[in-house]
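*Asks:* sequence unknown, structure follows:
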């Protein structure tokens, strides 16, 4: 694989499998950030609680970006 696509991943509010066109390799899949990261439904709480549980709050997104950049 050439270019920047080999070093890319996705952040999405949709299901991870919907992003398959942009997940170019297993590394991209490993670092993808999606609401279904744990393969289960998130079913309750406030909007902020739900976003945090789905790992889509700013602290989770920043942590995942930092991990991606470090590695």
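*Replies:* Noted; the coordinates are in hand. Bear in mind the structure is a predicted one, so any value in this text is a computation, not a measurement. Numbers count the residues shown, from 1 in each chain.
*Asks:* ranges for the helices of the protein?
*Replies:* Taking DSSP state H as the test, the helices found in the chain are 26-31, 47-53, 58-70.
*Asks:* for residue 38, find the nearest of those helices.
*Replies:* helix 47-53 (9.0 Å; C-beta to C-beta). In this view, the C-beta of every residue, glycine as well, is placed from N, C-alpha and C.
*Asks:* quick check: buried residues in that closest one?
*Replies:* Counting neighbours by 16 or more other C-beta atoms under 10 Å, one finds that the buried residues in helix 47-53 are 51-53.
*Asks:* repeat that for stretch 21-31.
*Replies:* By neighbour count on 16+ other C-beta under 10 Å, the buried set for stretch 21-31 is 23-24, 27-28, 31.
*Asks:* could I get the residues you listed as a markdown table with pLDDT and distance to residue 46?
*Replies:* Compiled in a markdown table, the buried residues of stretch 21-31 are given as follows (pLDDT from 0 to 100; distance: C-beta to C-beta, whole Å):
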| residue | pLDDT | distance to residue 46 |
| --- | --- | --- |
| 23 | 87 | 31 |
| 24 | 86 | 36 |
| 27 | 84 | 34 |
| 28 | 84 | 31 |
| 31 | 85 | 28 |
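*Asks:* which two from those residues end up farthest apart in space?
*Replies:* For the buried residues of stretch 21-31, the farthest-apart pair by C-beta to C-beta is 24 and 31; their separation is 11.5 Å.
*Asks:* in this protein, which ranges drop under the pLDDT threshold?
*Replies:* Across the chain, the ranges flagged by pLDDT under 70 are 1-6.
*Asks:* so who does the residue lying closest to residue 67 once chain neighbours are set aside touch?
*Replies:* Leaving aside its chain neighbours, residue 67 sits nearest to residue 31 (7.1 Å; criterion: C-beta to C-beta, 6 or more residues apart in numbering). Contact partners of residue 31, counting by C-beta atoms under 8 Å, 6 or more residues apart in numbering, are 9, 64, 67-68, 71.
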